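Q: Got a predicted structure plus its sequence, pasted below:
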Amino acid sequence: MYIVLVGPPGKCRKGTAMNQGMYFLREMGIKLAAESITREALIRELKNSNNSQINIATGDMYLHASLTIYSQELTVFLGYNNQALMADLTDWFDCRDSWTYRTKNMGTDEIIGVWVNLIGATTPDLLQTTLPRDAIGSGLTSRIIFVYEHNKGKVVPAPFLSREERELREFLRIDLERISMLTGEFTVSDSFIDAYVPWYSKYSEGAVPFDDHRFSGYFERRPTHLLKLSMICNASRTSDMKITDIDFHKALSILQMTEKNMPYTFSGVGKSSTADVMQRVLTILAVNKKVEFAYLMSQFYQDVDKLTLEKMLETLLSMGCIEVDYSEGRRMIIYKGIRNNAMSENRTKEE
C-alpha cells in the first residue's frame, strides 16, 4: 500500500506520527529504502531485497522482492517532476510477478515478486510543486491513500511514554512478529462475499465518496484499496488469513474516516491563479474556526489585494464553507467546513 500523510507544515506533527512506525519497522528488520535515492539505486535495492518463503499449507516455495519506502519528506524522495520514478512506483503498486528493467549499457534486471510499500509525509504546497499537474488524479496519485489533517489531534506537553504505553508498545511488537511470520495467500469467507459483492455492485453504479475530479483515478481503485486494507485488518485480528465481513466493515470504516478530509489534499491545485492562496485561506480557517477579516488580510497581503481576498471569501460563502458575522462589531469569518452533499449521501448508502 502507498500511504501519504498530508498537512500544513508544523501543524500536524506528521514526522512524530511516523516515528512511532519507524520503531517497529526497525524492530522487525523490515528492509527500508534510503530516504534520498536515485531511481537506479532504488531499483538495485529492490532487486537485492530478493527473498524466498515457503507456504506452510502447501509446501510451495515462492520468491519475492519486498521493500518499504519510508520518507518523512516525500518530495525529497520523489524529487521534482521525476516522472520516471513515479512511473516505476505506479507499476510496482500491482505487485507484479515479474518486473523488467533494461538499460542501454548495464543490460537487463529482472525482479521477481515485486512488493513495495510506501509511507510518506508532505504538505499541500510541496505536493503541488513536486507533482506535474497532469499527474494529479491519475497514475501514481490514484494509487495513494492520502491522509489529510488540518491540525494535530491533541497537545502532548510531555512527549514521553508512560509505563502503560511502553507495555502496549511491547504487546504491539510481539503481535507484529506474529504477523510477520504469516505466509501463503489470503482467502475469503462466505460472509465477506455476502458483504463485499452488494457493496461493489452499488459502488460500480457511481456511488463515489465525494465529488472531486482530481480523485477520479482514486475512485476507480478504491475497491483495490479496500481489499488490501481488509487483509491488513484480518492480519491484525487473527492468524487464519481468511477475510470475513468483520474485516470488510472495519476496512470500510477506516477508509471512510480517511476520506472525510481527503479532498483537502489537492485543494491548492487548480488552473486559477489564486488556487494555492485559497487553499492556505481554507487551512487557516479550518484550524482557527473563527478569524477576523483583518487578520486574514495581514496573512496574505503579499499574495493578494483586498478585492481579491474578498472575492475569494465570496466564493467560499457561496459554497457554504463559511459564514460572515458582524455581531461583535468586527467582520468575523466563521468556518463551516467543505460542503459535499454527495459525500454524506453516498456514505449513507454504503452503510
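A: Looks like it came in fine. Residues are numbered from 1 along each chain as shown.
Q: Give me the domain ranges for this structure.
A: For the chain, the domain assignment from automatic domain parsing gives the residue ranges 1-154, 186-267, 275-335.
Q: For L176, which of those is the nearest?
A: With respect to L176, and counting by CB to CB, the nearest of these is domain 1-154 at 5.6 Å. Quick note: C-beta positions are derived from backbone N, CA and C, even for glycine.
Q: can you redo the domains of the chain as JSON lines with mean pLDDT?
A: Supplementary listing: those in JSON lines, determined by pLDDT from 0 to 100:
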{"stretch": "domain 1-154", "mean pLDDT": "85"}
{"stretch": "domain 186-267", "mean pLDDT": "92"}
{"stretch": "domain 275-335", "mean pLDDT": "89"}
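Q: and those as TSV, adding mean neighbour count and distance to R173?
A: Formatted as TSV, the domains of the chain follow (neighbours: other CB atoms under 10 Å; distance: least, CB to CB, whole Å):
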stretch	mean neighbour count	distance to R173
domain 1-154	16	6
domain 186-267	17	14
domain 275-335	15	35
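Q: Same list, those domains, but as TSV with distance to S180 please.
A: Conversion of those to TSV gives the following (distance: least, CB to CB, whole Å):
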stretch	distance to S180
domain 1-154	6
domain 186-267	10
domain 275-335	38
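Q: Those: which one's closest to S162?
A: Ranked by CB to CB, the member of those that lies closest to S162 is domain 1-154, at 14.2 Å.
Q: out of the domains of the chain, which comes closest to R163?
A: Nearest of these (CB to CB): domain 1-154, 17.0 Å.
Q: how long is the closest one from one end to the other?
A: 27 Å (CA to CA, to the nearest Å).
Q: what about it, distance to the chain center?
A: In terms of CA atoms, centre = their mean, to the nearest Å, the gap separating the centre of domain 1-154 from the centre of its chain is 12 Å.
Q: before we move on, what about stretch 199-207?
A: Stretch 199-207 has its C-alpha centroid displaced from the chain centroid by 22 Å (CA atoms, centre = their mean).
Q: quick one: the strands in the stretch 1-150 of the chain?
A: Secondary structure of the stretch 1-150 of the chain (DSSP state E, counting those that start in this stretch): strands at 2-6, 50-54, 61-71, 98-102, 108-112, 114-122, 144-148.
Q: Output the contacting helices and strands for the longest one.
A: Counting contacts by 3 or more CB pairs under 8 Å, 6 or more residues apart in numbering; DSSP states H and E, strand 61-71 packs against helix 14-28, helix 39-48, strand 50-54, strand 108-112, strand 114-122.
Q: I334 in helix, strand or coil?
A: Following DSSP: H, G, I helix; E, B strand; the rest coil, we place I334 in the strand state.
Q: ok, it touching Y326?
A: No - taking CB atoms under 8 Å as the contact criterion, I334 and Y326 are not neighbours in contact, 11.2 Å apart.
Q: Tell me which of the helices and strands packed on strand 61-71 lies nearest to P157.
A: By CB to CB (comparing all of the helices and strands packed on strand 61-71), the closest turns out to be helix 14-28, at 13.4 Å.
Q: Just the CA coordinates for the closest one, please, in CSV.
A: As requested, the backbone C-alpha atoms of helix 14-28 are provided in CSV (Å, rounded to 0.1, in the frame of the first residue of the first chain):
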residue,chain,number,x,y,z
LYS,A,14,3.4,14.2,10.7
GLY,A,15,7.0,13.2,11.4
THR,A,16,6.1,12.4,15.1
ALA,A,17,3.4,10.1,14.0
MET,A,18,5.7,8.3,11.5
ASN,A,19,8.4,7.9,14.1
GLN,A,20,6.2,5.5,16.0
GLY,A,21,6.0,3.3,13.0
MET,A,22,9.8,3.5,12.3
TYR,A,23,10.5,1.9,15.7
PHE,A,24,8.5,-1.2,14.8
LEU,A,25,10.0,-1.3,11.2
ARG,A,26,13.5,-1.4,12.7
GLU,A,27,12.5,-3.9,15.4
MET,A,28,11.0,-6.3,12.7
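Q: Now do that helix: everything it contacts.
A: By CB atoms under 8 Å, 6 or more residues apart in numbering, the list of residues contacting helix 14-28 from outside reads 5-7, 32, 68, 70, 72, 119, 121, 159, 169, 172-173, 176-177, 180.
Q: repeat for stretch 155-164
A: 16, 169.
Q: now the end-to-end length of that stretch.
A: End-to-end distance of stretch 155-164 (CA to CA): 19 Å.
Q: Let the chain start at 43 from now.
A: From this message on, residue numbering opens at 43, which makes the last subject stretch 197-206.
Q: What mean pLDDT does that stretch get?
A: Mean per-residue pLDDT for stretch 197-206: 84.
Q: Quick check: longest helix in this protein by residues?
A: For the chain, the helix with the greatest residue count under DSSP state H is helix 258-279.
Q: Next, the angle strand 186-190 makes with that one.
A: Angle, helix 258-279 to strand 186-190, by axes from the mean of the first three to the mean of the last three CA atoms, to 10 degrees: 80 degrees.
Q: I'd like the helices and strands packed on strand 103-113 as TSV, with distance to L327 appended.
A: Listed next are those as TSV, based on distance: least, CB to CB, whole Å:
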stretch	distance to L327
helix 56-70	21
helix 81-90	39
strand 92-96	49
strand 150-154	47
strand 156-164	21
